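*Asks:* Structure, please.
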Amino acid sequence: MHTTQVKFSNRYRDVYLFTQEANQIKWEGPFQWYRTSEDKDGRLTMVDPSGGPYIEIGSKMEYIAPEFKNLFVSALAWQDGSVIITCNESDS
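*Replies:* This next block holds a predicted model:
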């Protein structure tokens, strides 16, 4: 299985690591200060660490890195201090 890793530095120079395996991306980093939102069923719909990046359901992951072209966020979940981003692929 092919794994893609990308480092992302936000406006405060915090570094986040995005590791893609198949249709999931593990988002690791210093989640010390952040905000989230949930839908009425308690499912995570948005994560926004201080300084970014802001990621919500429907976000284009290409804005994080060109390696994630055509990937759109379909689900978010916390797992052991990291965020698991499930993506759908689009040809557009």
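*Asks:* For D41, give its distance to S74.
*Replies:* D41 sits 15 Å away from S74, going by C-beta to C-beta, to the nearest Å. C-beta coordinates here come from the backbone N, C-alpha and C atoms, glycine included.
*Asks:* So if I had to pick from these two, which one is more boxed in?
*Replies:* S74 (14 against 5; other C-beta atoms under 10 Å).
*Asks:* OK, contacts around the more buried one?
*Replies:* S74 makes contacts with I57, T86, C87, N88, as judged by C-beta atoms under 8 Å, 6 or more residues apart in numbering.
*Asks:* Buried only: go through the residues you listed for me.
*Replies:* For those, a burial check counting by 16 or more other C-beta atoms under 10 Å picks out I57, C87.
*Asks:* In helices only, show me the contacts of S74.
*Replies:* Counting by DSSP state H, no part of those is found in helices.
*Asks:* so can I have JSON lines of the contacts of S74 showing pLDDT and distance to Q79?
*Replies:* As requested, the contacts of S74 are exported to JSON lines (pLDDT from 0 to 100; distance: C-beta to C-beta, whole Å):
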{"residue": "I57", "pLDDT": "98", "distance to Q79": "17"}
{"residue": "T86", "pLDDT": "97", "distance to Q79": "11"}
{"residue": "C87", "pLDDT": "97", "distance to Q79": "15"}
{"residue": "N88", "pLDDT": "95", "distance to Q79": "19"}
